[in-house]
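In: no FASTA, just this:
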């Protein structure tokens, strides 16, 4: 049989020393963990995934294409919780740019900016300030594609 637990011995001056498991000893650790949790939550909220349209262009001439719809082109930036950023060129009938013909764009090109967007009967040409250009044929974004 094991001996019965003994009461803590009084210190030399007659006071009792707190146990190492006493709540007062763990209070700083609890505060540190609570602070770390709060910092993590704030970081997640500030970096929450979001989508921004960094460039937008609308075809000024309705009736240019045989589906008689107004078309929109936009450069969409998507940021993830991990901090990565991707860019997509979206061309279609949706003014919110949530649906349409999508092309991934290099982050380098996208961050340099769009210089010009040229709408023609053959399609849309998006030129970046670096001199690079992307052409999307009208057959890729007309008739609800």
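Out: Sure, I can see it. Nothing here was measured: the structure is a model prediction, and the numbers come from that model.
In: Test for you: state the pLDDT assigned to residue 65.
Out: Listed pLDDT for residue 65 reads 83.
In: now the strands for this protein?
Out: Assigned by DSSP state E, the strands in the chain fall at 50-58, 72-79, 85-92, 101-105, 114-120, 123-128, 133-137.
In: Okay, and the beta partners of the nearest residue to residue 114 once chain neighbours are set aside?
Out: What sits nearest to residue 114 in space, not counting adjacent residues and going by C-beta to C-beta, 6 or more residues apart in numbering, is residue 55, at 4.3 Å. Any C-beta I mention is one placed from the backbone N, CA and C, and that applies to glycine too. Bridge pairing for residue 55 (DSSP bridges) gives the partners residue 75.
In: Residue 55: what's it in contact with?
Out: Taking C-beta atoms under 8 Å, 6 or more residues apart in numbering, we find residue 55 in contact with 74, 75, 113, 114, 117.
In: Okay, now the unreliable bits of the protein?
Out: 1-22, 62, 145 (pLDDT under 70).
In: Tell me where the longest helix sits in this structure.
Out: helix 23-46 (DSSP state H).
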